[in-house]
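K.L.:
Sharing a sequence plus its predicted fold:
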Amino acid sequence: DFRWTPYGSLNWVHNSRGTSDYVISNSYSSFSGSTWVSGSAVLAEFGVGIEKGGWGVTLGGNWTDGGKFDSMFGGQVNVRYSW
């Protein structure tokens, strides 16, 4: 009994208020500042799930571009066993 299931999704991600303030200090000096991130990005995910017997494997990848991301790739592998 062998089964496979492809999957995919296309997503729009928007960050409208990505601010962070920070302070770094020790007994000699202190630094402070802030960061700000705003914008929209596209996230595309794709992969396949495979099952045989009690074993299952999922292979997936993703691509993100826009906003603070500049054509970033990622991926994951999941292995599981059910009894």
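P.N.:
Thanks, I have the structure now.

K.L.:
C-alpha only now, for contacts and for neighbours.
P.N.:
Noted.

K.L.:
Next up, the contacts around residue 79.
P.N.:
Residue 79 makes contacts with 55-58, as judged by Cα atoms under 8 Å, 6 or more residues apart in numbering.

K.L.:
Let me see the ranges of the strands in this structure.
P.N.:
In the chain, the segments counted as strands under DSSP state E are 2-25, 30-52, 55-66, 69-81.

K.L.:
chain center to the second one: distance?
P.N.:
The reference is to strand 30-52. Distance of strand 30-52 from the chain centroid (Cα atoms, centre = their mean, to the nearest Å) equals 5 Å.

K.L.:
Correct me if wrong: residue 62 contacts residue 75.
P.N.:
Yes - here residue 62 reaches residue 75: they are 6.0 Å apart, a contact under Cα atoms under 8 Å.

K.L.:
And those two? Which one has more around it.
P.N.:
residue 62 (17 against 12; other Cα atoms under 10 Å).

K.L.:
and the gap between that one and residue 11?
P.N.:
Distance, residue 62 to residue 11, by Cα to Cα, to the nearest Å: 11 Å.
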